[in-house]
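Peer 1: Sharing a model prediction with you, sequence too.
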Amino acid sequence: MPYAYVYQCPECAFDVEVLLCREFERLPDGARRDYQYPDPALYEWPPRRVSGVWSRLWCPSCREVQPHVLHEMDEPAEHPAQVFLAAEAQGLRGLESGPCPVCGATLCVELENQRCPACENSTLTCIGEYEP
Ligand SMILES: [Zn+2]
Ligand SMILES: [Zn+2]
């Protein structure tokens, strides 16, 4: 299940949000975006499909959050539960990191007590978490 963590620097108020294990869909041009749950009041045909799960993790080298694909289905699924089950079947727990798609640096999942990238005077602390 998706989970978001917000970290903030107590010194300069810089903040960053890390998002773990969020469903994504593919747009007709191939770009990925967060899966948008259909409006239950609307009938949609063809049904929306979920392509996989991804995270948005901190890249210490780009100094911004970057997407990290945890799992992508060979065939997009109709129900979000299917992509979570498929990711679990691969042994994924949602906390996995990987290389930044832009610069190749290893992305950071956990930012607690990391030096603030903005002021470099203090360390980041988690100020909130929620289910998106
Ligand atoms: Zn990067
Ligand atoms: Zn700071």
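Peer 2: That came through, no problem. Residues are numbered from 1 along each chain as shown. Ligands and ions are numbered 1, 2, ... in the order given.
Peer 1: okay, now residue 89: neighbour count?
Peer 2: 9 (other C-beta atoms under 10 Å). Just so you know, the C-beta spots here come from the backbone N, C-alpha and C atoms, and that holds for glycine as well.
Peer 1: Need phi/psi at it.
Peer 2: For residue 89, the backbone dihedrals are phi -60, psi -20 (criterion: degrees, to the nearest 10).
Peer 1: State the mean pLDDT of stretch 87-100.
Peer 2: For stretch 87-100, the mean per-residue pLDDT is 96.
Peer 1: near ligand 1, which residues of this protein?
Peer 2: Counting by C-beta under 5 Å from the ion, the residues of the chain close to ligand 1 are 59, 61, 62, 100, 102, 103, 105.
Peer 1: Give me the subset of those lying in strands.
Peer 2: The members of the residues of the chain next to ligand 1 that map onto strands under DSSP state E are residue 59.
Peer 1: Please, where are all the helices along the protein?
Peer 2: If DSSP state H is used as the criterion, the helices of the chain fall at 80-89.
Peer 1: Quick check, pLDDT for the most centrally placed residue in the chain.
Peer 2: Centroid check for the chain by C-alpha atoms, centre = their mean gives residue 55 as the closest residue, at 2.1 Å. Residue 55 is assigned a pLDDT of 98 by the prediction.
Peer 1: Now do the contacts for it.
Peer 2: 18, 19, 20, 21, 22, 67, 68, 70, 94, 96, 109 (C-beta atoms under 8 Å, 6 or more residues apart in numbering).
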